[in-house]
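Student: sequence and computational prediction follow.
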Amino acid sequence: MSWIRLVCKTLRTERTALAFYLVNAGILILIFNLMLDQLAIAYPLIMSLAVLLVYLSYKLYTLYCFLDQLNAAGTAGVLPRYTDDAKEELVFSAIADIHAAYQEKLAALNEKVSGRNTLFTSFIHNMKSSAAVIELAAGSSHAGKLADIALENEKMKSNLEQALNILRLDEFANDYVPERIELHDLVASVINDRRRDFIYAGVFPKLCDTQAFVYTDKKWCGYMLDQIVTNAVKYSPADGKISFDMESDGKQVTLHIRDEGVGIPPEDVPRVFELFYTGQNGRSPRNSATGIGLAMVKHIAKQLGHEVGLTSAVGQGTCVSITFLAAHDAPLR
């Protein structure tokens, strides 16, 4: 900023001081003329003008220092810790708070973008693997290869559906339809959709006869249950069972999904809902995992107002519990 612009800016900001100067000069002239016999104008004007020049020079210097610090902060990104003026300190403090909030939001956005990139890289890799299996199976005349093609096609469809659901999470409020749902029927529907996985894995679902009506979004709740069932089937041994039980206290309904799988080591349990955390089980060649499913379950449950929890013991299996708000006009029976 040029000195001329700096002087003009100082004069604009000190309009109040200039008004006081004019009043002060008028009072001084009046006092001098009352005390002296002859007319005196120049002397009191010079005195008041000298004081004004000193004051304006000081304000010009402080404004210059302020703008210099502000420019340095904008260039280097480092705000001064101390200033000579209380207003300047408040201004820099406010700027520091805004900067910190901006950095926090930027870091969260970068983390989100990075996570999404990792996620879609994983999806693309999974679909490429499925495509490779389909290509090999298609080149074979063996009738049994048709089953492999069908299985890999289902995997590709599942990956694509999961990718679309993750993209929709950003606009969850626009895609959320809370309604009264019969939980038993919804669980049965999810089990039926995954019947092929149960058959291939040799795992048997055991659904209780209890009926319960809850408030939830049918599509998103079904997606949550599907992720939990997929994990339960993946980590269950052949001839194992996955049980679905419900309990209610009148205000809430809790669904328990228990498997008889390998279980989760105690050190991994607190982190199973973290995005991309696979734990020891997920890193094994037999049960490779992306660390996405349970993280999505936790996020969706929070958006829906449900509570989700997990308990597990190595060699005994895992239990995932989801607590819903009960629909009071249709109690559990």
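Tutor: It's in.
Student: so how many other residues sit close to Glu260?
Tutor: Residues lying near Glu260 (other C-beta atoms under 10 Å) number 19. Bear in mind the C-beta positions are built from the backbone N, C-alpha and C, glycine included.
Student: isn't it right up against Gly240?
Tutor: Yes: Glu260 is within contact range of Gly240, at 4.3 Å (criterion: C-beta atoms under 8 Å).
Student: excluding chain neighbours, what is closest to Gly261?
Tutor: Spatially, and ignoring its direct neighbours in sequence, Gly261 is nearest to Tyr235 (3.7 Å; C-beta to C-beta, 6 or more residues apart in numbering).
Student: repeat that for Gln211.
Tutor: Leaving aside its chain neighbours, Gln211 sits nearest to His184 (4.8 Å; criterion: C-beta to C-beta, 6+ apart).
Student: next, the buried residues of whatever helix or strand the one you found lives in.
Tutor: Using DSSP states H and E, His184 sits within helix 183-193. Neighbour counts using 16 or more other C-beta atoms under 10 Å place Leu183, His184, Leu186, Val187, Val190, Ile191 of helix 183-193 among the buried residues.
Student: need those in a markdown table (columns: pLDDT and distance to Ala301).
Tutor: Converted to a markdown table, these look like this (pLDDT from 0 to 100; distance: C-beta to C-beta, whole Å):
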| residue | pLDDT | distance to Ala301 |
| --- | --- | --- |
| Leu183 | 95 | 14 |
| His184 | 94 | 19 |
| Leu186 | 96 | 15 |
| Val187 | 96 | 15 |
| Val190 | 95 | 15 |
| Ile191 | 95 | 19 |
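Student: all strands for the stretch 201-333 of the chain, in order.
Tutor: 204-207, 213-217, 241-248, 252-258, 307-313, 317-326 (DSSP state E, counting those that start in this stretch).
Student: burial check on the closest residue to Val269 other than its chain neighbours, number of neighbours?
Tutor: Using C-beta to C-beta, 6+ apart and skipping the chain neighbours, the partner closest in space to Val269 is Ser312 (5.8 Å). Using other C-beta under 10 Å, the number of residues around Ser312 comes to 22.
Student: same deal with Thr311?
Tutor: Thr311: 14 surrounding residues under other C-beta under 10 Å.
Student: for Ala201, same thing?
Tutor: The number of residues packed near Ala201 is 19, by other C-beta under 10 Å.
Student: now the longest helix belonging to the chain, how far from the chain's geometric center?
Tutor: Longest among the helix segments of the chain by residue count, using DSSP state H, is helix 86-138. Relative to its chain's centre, helix 86-138 lies at 10 Å (C-alpha atoms, centre = their mean, to the nearest Å).
Student: give me the mean pLDDT for that helix.
Tutor: For helix 86-138, mean pLDDT rounds to 73.
Student: what's the answer for stretch 323-333, then?
Tutor: 69.
Student: now stretch 229-240
Tutor: Rounded mean pLDDT across stretch 229-240 is 91.
Student: between the two ends of it, how far is it?
Tutor: Length of stretch 229-240, first residue to last, C-alpha to C-alpha, to the nearest Å: 13 Å.
Student: residues in contact with that stretch?
Tutor: 190-191, 194, 197-198, 201-204, 242, 257, 259-262, 281, 287, 289, 293-294, 317-318, 320 (C-beta atoms under 8 Å, 6 or more residues apart in numbering).
Student: return the set of buried residues in it.
Tutor: Val229, Asn231, Ala232, Val233, Lys234, Tyr235, Ser236, Gly240.
Student: what about the residue nearest to Glu152 when sequence neighbours are not counted, how many neighbours?
Tutor: Counting by C-beta to C-beta, 6+ apart, Glu152 lies nearest to Ser130, which is 4.1 Å off, once chain neighbours are set aside. A count of neighbours around Ser130, defined by other C-beta under 10 Å, yields 21.
Student: for Ser130, what are its contacts?
Tutor: Glu152, Asn153, Lys155, Met156, Asn159.
Student: between these, which is closest to Lys105?
Tutor: Lys105 lies nearest to Asn159 out of these, by C-beta to C-beta, at 30.4 Å.
Student: tell me who's in contact with that closest one.
Tutor: Contacts of Asn159 by C-beta under 8 Å, 6+ apart are Phe123, Asn126, Met127, Ser130.
Student: next, format the residues you listed as JSON lines and append distance to Met246.
Tutor: Shown next, in JSON lines, are those (distance: C-beta to C-beta, whole Å):
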{"residue": "Phe123", "distance to Met246": "33"}
{"residue": "Asn126", "distance to Met246": "33"}
{"residue": "Met127", "distance to Met246": "36"}
{"residue": "Ser130", "distance to Met246": "35"}
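Student: out of those, who has the most neighbours?
Tutor: Ser130 (21 neighbours).
Student: distance of Val133 relative to Leu160?
Tutor: Taking C-beta to C-beta, to the nearest Å as the measure, Val133 falls 16 Å from Leu160.
Student: higher neighbour count, these two?
Tutor: Val133 (18 against 12).
Student: worst-scoring helix or strand of this structure, pLDDT-wise?
Tutor: helix 279-282 (a mean of 62; mean pLDDT, DSSP states H and E).
Student: understood, closing this out.
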